[in-house]
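# compute the structure for the input listed below.
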Amino acid sequence: MIKRLTPHGNSSALILDKALLELLHITQNTPLEIATDGKNLIISPVIDGASREKQLKDALARVNKKHGKTLKSLAK
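The predicted structure follows:
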């Protein structure tokens, strides 16, 4: 997808398609982090700490359920 910046007052705006926003679960109220690696612009939705911790705990529970016995054996 190729986009061009749109003039917006003294600034420039990047218009994102609705389908892309829906895919990433981004609304107009979603805080976005903007970063760069020196060559690319990286725009990411900000996940609050509580949500991120829940995702980590859920992932850990899935790993333990699937590989718990193996991990215990390896720990011995």
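
# all contacts plus neighbour counts: C-alpha atoms, from now on.
Fine.

# for the chain, which segments count as helices?
Here the chain has its helices, by DSSP state H, at 18-23, 49-75.

# least confident of those helices, on average?
Among the helices of the chain, helix 49-75 carries the lowest mean pLDDT, a mean of 88.

# out of the helices of the chain, flag the one nearest residue 39.
helix 18-23 (22.1 Å; C-alpha to C-alpha).

# picking that back up, okay, the helices of the chain in CSV with mean neighbour count and distance to residue 40 next?
Listed next are the helices of the chain as CSV, based on neighbours: other C-alpha atoms under 10 Å; distance: least, C-alpha to C-alpha, whole Å:
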stretch, mean neighbour count, distance to residue 40
helix 18-23, 10, 18
helix 49-75, 11, 25
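
# and of those, who's closest to residue 3?
That would be, of those and by C-alpha to C-alpha, helix 18-23, which comes in at 12.7 Å.

# now that closest one: how far from the chain's centre is it?
Counting by C-alpha atoms, centre = their mean, to the nearest Å, helix 18-23 is centred 14 Å from the centre of its parent chain.

# about what we covered before: how about the helices of the chain in a markdown table, adding distance to residue 1?
Conversion of those to a markdown table gives the following (distance: least, C-alpha to C-alpha, whole Å):
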| stretch | distance to residue 1 |
| --- | --- |
| helix 18-23 | 10 |
| helix 49-75 | 29 |
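
# so for residue 32, which of those helices sits nearest?
Comparing these by C-alpha to C-alpha, helix 18-23 comes nearest, at 11.7 Å.

# now that closest one - C-alpha only, CSV.
What follows is helix 18-23, C-alpha atoms only, in CSV (Å, rounded to 0.1, in the frame of the first residue of the first chain):
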residue,chain,number,x,y,z
LYS,A,18,-10.7,1.8,7.6
ALA,A,19,-9.8,-1.8,6.7
LEU,A,20,-6.3,-1.4,8.0
LEU,A,21,-7.5,0.2,11.3
GLU,A,22,-10.1,-2.5,11.8
LEU,A,23,-7.5,-5.2,11.2
